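Undergrad: Please find the sequence and the predicted model below.
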Amino acid sequence: MTIRAVIFDMDGLMLDTEKLLARYWMQAAHEAGFPMTLEHVLGIRSLAAVYAKPKLQGIFGEGFDYESIRARRRALTAAHLAEHGIEKKPGLDALLAYLKQTGRRIAVATATDRERTEQYLSQVGVLGYFDAFVCGDMVTRGKPDPEIYLTAADAVGMPPGDCMALEDSPNGILSAHAAGCRAVMVPDLSAPDETLTPYLYACVPTLADVITLLEKEDTAHAQAQ
């Protein structure tokens, strides 16, 4: 077994919530008088607030009140989830079960805070699968800095090179790659472009396809012995 741990992003990767973040970022910004578009939202996916705030203020000006607009976005998202629930991404249950069956360690590395991370994963019935959680409020430097993935690898007792990182966003891929993990993209709102390709270990359509990827890795490793 060459990959002994798998580290998951959450929003847009395990949970179909990224579309909600996009929708309500734009609504909250528009309510405050700023013409935020989907392109702007895609640019801050998985981006820590310390990076997202100056990025957005660089686009819209110093008058863009990041904290209040983000708080409004969170309130809108929470109201939506309370009414409609949270959708899991296809293949999540099968992949988590496979990882447990094959004895791999499993961690979460998400920009979302610990309280909401546990709430969301508990709500969809998968919280118990994870051996470790590293959340946005547990690190000093969020994605695309590698700290969150370095911390997650350490939390499961594995060197980063033995960890596969699953991400749906460019900022997450950059973070995982910089940490030395094998960065696999499962696209959600956008596919990787040519600038991201050098940082990818692989790109697969769904979480279920990660099982095939791991099986191929195990077979190749066994044949090389």
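TA: Yep, that arrived.
Undergrad: in this structure, which spans are helices?
TA: 18-31, 38-43, 49-60, 66-84, 92-101, 114-123, 147-155, 170-179, 208-224 (DSSP state H).
Undergrad: Can you list the buried residues in the longest one?
TA: Spelled out, it's helix 66-84. Neighbour counts over helix 66-84 (16 or more other C-beta atoms under 10 Å) mark 66, 69-70, 72-73, 76-77, 81 as buried. Any C-beta I mention is one placed from the backbone N, CA and C, and that applies to glycine too.
Undergrad: Show residues contacting it.
TA: Contacts with helix 66-84, where a contact means C-beta atoms under 8 Å, 6 or more residues apart in numbering, come from 17, 20-21, 24-25, 27-29, 31-32, 34, 49, 52-53, 56-57.
Undergrad: So what touches stretch 44-56?
TA: Applying C-beta under 8 Å, 6+ apart, the contact partners of stretch 44-56 are 9, 11-12, 18, 21, 25, 36, 40, 43, 64, 66-67, 70, 111, 136, 141-145, 167-172, 175, 189.
Undergrad: do stretch 114-122 as well
TA: Against stretch 114-122 from outside (C-beta under 8 Å, 6+ apart): 10, 14-15, 17, 86, 108, 110, 112, 127, 130, 133, 135, 137-138.
Undergrad: Give me the subset of those residues lying in strands.
TA: 108, 110, 133, 135 (DSSP state E).
Undergrad: Test my guess that the second one contacts residue 137.
TA: No - judged on C-beta atoms under 8 Å, residue 110 makes no contact with residue 137 at a distance of 10.3 Å.
Undergrad: For the closest residue in space to residue 37 that isn't next to it in sequence, give me the pLDDT.
TA: Spatial nearest neighbour of residue 37, excluding adjacent residues (C-beta to C-beta, 6 or more residues apart in numbering): residue 26 at 7.0 Å. Note for residue 26: predicted pLDDT of 97.
Undergrad: quick one: contacts for residue 26?
TA: 36-38, 41.
Undergrad: do the same with residue 30
TA: residue 36.
Undergrad: how's the protein carved up into domains?
TA: Split into domains by automatic domain parsing, the chain comes to 5-16+88-224, 18-84.
Undergrad: one step back: what's the closest of the ones in strands among the contacts of stretch 114-122 to residue 211?
TA: residue 108 (18.6 Å; C-beta to C-beta).
Undergrad: What is the burial count for the closest one?
TA: Residues near residue 108, counting by other C-beta atoms under 10 Å, number 27.
Undergrad: Now stretch 201-218: average pLDDT?
TA: What stretch 201-218 shows for mean pLDDT is 95.
Undergrad: Buried residues, it. List them.
TA: The neighbour-count check on stretch 201-218 (16+ other C-beta under 10 Å) flags 201, 203-204, 207-211, 213-214, 217 as buried.
Undergrad: Could you do stretch 113-124 as well?
TA: Using 16+ other C-beta under 10 Å as the test for burial, stretch 113-124 gives 116-118, 120-121, 124.
Undergrad: List just the nearest of these to residue 91.
TA: Closest to residue 91, out of all of the buried residues of stretch 113-124 and judged by C-beta to C-beta, is residue 124, at 13.3 Å.
Undergrad: how far away is that closest one from residue 205?
TA: According to C-beta to C-beta, to the nearest Å, residue 124 and residue 205 sit 21 Å apart.
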